[in-house]
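Participant: sequence and predicted structure below; questions after.
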Amino acid sequence: KAYCWGVNDVGALGNGSTTNSSSPTPVLGIAANVSSVSADFSEACALVGGAVMCWGEDTQGSLGYPCGECNPSNPNVFCSSMPKPAQGLVADIGAIAVGQRHVCALTNGEVYCWGVNSAGELGGGVQSLGGPTPVKVAGLPPDVTSIDAGGSSTCAVAHGGVYCWGYNAFGQLGNNSTMDSAIP
């Protein structure tokens with residue numbers, strides 16, 4: 001099972017409310033088979049039986065389903081206090097990583113990302129608005145073994161090396177520069 005606690009003003013605890021909690025509270029709608037959970041300050045996702053379920057603040061599709069369902073006055077922000085399945089992914093997801101308003105999934109040695117893409121954090125080769133449709137990360141070797149995301153950048157391990165992309169103002173991509181990169 002999945003449990004979350006902390007600030008919950010946008011439903012990031014997945015318990016059907018927007019009430020903060022200082023103690024672990026079960027994520028509703030996920031009965032069992034949770035193998036991992038990844039969260040950032042306003043959204044979270046769980047890997048449940050090889051599928052991705054997400055909840056919290058959905059900016060430009062970062063939860064993996066169409067925006068604006070509950071907030072037509074602001075189609076770029078949608079909040080869900082209950083987990084919903086991310087759409088457009090192949091089966092057998094092996095790992096997930098939630099960054100700041102973007103999510104990545106690892107499947108069969110390949111990485112797919114969705115959500116905000118202002119610094120190239122989706123890794124599709126361009127900086128754009130992004131959205132809920134998963135984008136295959138371009139330029140990675142086909143044998144990625146792990147992924148992690150933080151802020152607006154993401155990293156993957158493949159061929160024994162580390163590949164990073166996205167926001168880089170403080171050198172977080174580790175490539176001896178401070179230029180953002182839309183490719184690993």
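Facilitator: Alright, I've got the coordinates.

Participant: any regions of the protein where pLDDT drops low?
Facilitator: Applying pLDDT under 70 to the chain flags residues 66-78.

Participant: tell me the strands beside the helix or strand where Val103 lies, with direction?
Facilitator: Using DSSP states H and E, Val103 sits in strand 102-107. According to DSSP bridges, strand 102-107 forms sheet pairs with strand 95-98 (antiparallel), strand 110-117 (antiparallel).

Participant: how close does the residue nearest the centre of the chain get to Gly61?
Facilitator: A centroid search over the chain (C-alpha atoms, centre = their mean) returns Val103, at 1.5 Å, as the residue closest to the centre. Distance of Val103 to Gly61, given as C-beta to C-beta, to the nearest Å: 9 Å. C-beta here means a position set from N, CA and C on the backbone, and glycine is covered the same way.

Participant: overlap in contacts of these two?
Facilitator: Trp114, Gly115 (C-beta atoms under 8 Å, 6 or more residues apart in numbering).

Participant: could I get the contacting residues of the residue of the chain most remote from its centre?
Facilitator: Residue farthest from the centre of the chain, counting by C-alpha atoms, centre = their mean, is Asn176 at 25.8 Å. Not one residue lies near Asn176 by C-beta under 8 Å, 6+ apart.

Participant: on the three-state scheme, it is what?
Facilitator: Applying DSSP: H, G, I helix; E, B strand; the rest coil to Asn176 yields a three-state assignment of coil.

Participant: dihedrals phi and psi, it?
Facilitator: Main-chain dihedrals, Asn176, degrees, to the nearest 10: phi 60, psi 30.

Participant: picking up where we left off before, got the CA coordinates for the strand holding Val103 in PDB?
Facilitator: Extracted as PDB, the C-alpha positions of strand 102-107 are listed here (Å, rounded to 0.1, in the frame of the first residue of the first chain):
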ATOM      1  CA  HIS A 102       7.100  16.400 -14.700                       C
ATOM      2  CA  VAL A 103       7.200  12.600 -14.400                       C
ATOM      3  CA  CYS A 104       9.300  10.000 -16.100                       C
ATOM      4  CA  ALA A 105       8.900   6.200 -16.300                       C
ATOM      5  CA  LEU A 106      11.300   3.500 -17.200                       C
ATOM      6  CA  THR A 107      10.100   0.500 -19.300                       C
END
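
Participant: endpoint to endpoint, stretch 172-180 covers what distance?
Facilitator: Using C-alpha to C-alpha, to the nearest Å, one end of stretch 172-180 lies 10 Å from the other.

Participant: I misspoke; the intended subject was stretch 113-132.
Facilitator: Taking C-alpha to C-alpha, stretch 113-132 runs 9 Å from one end to the other.
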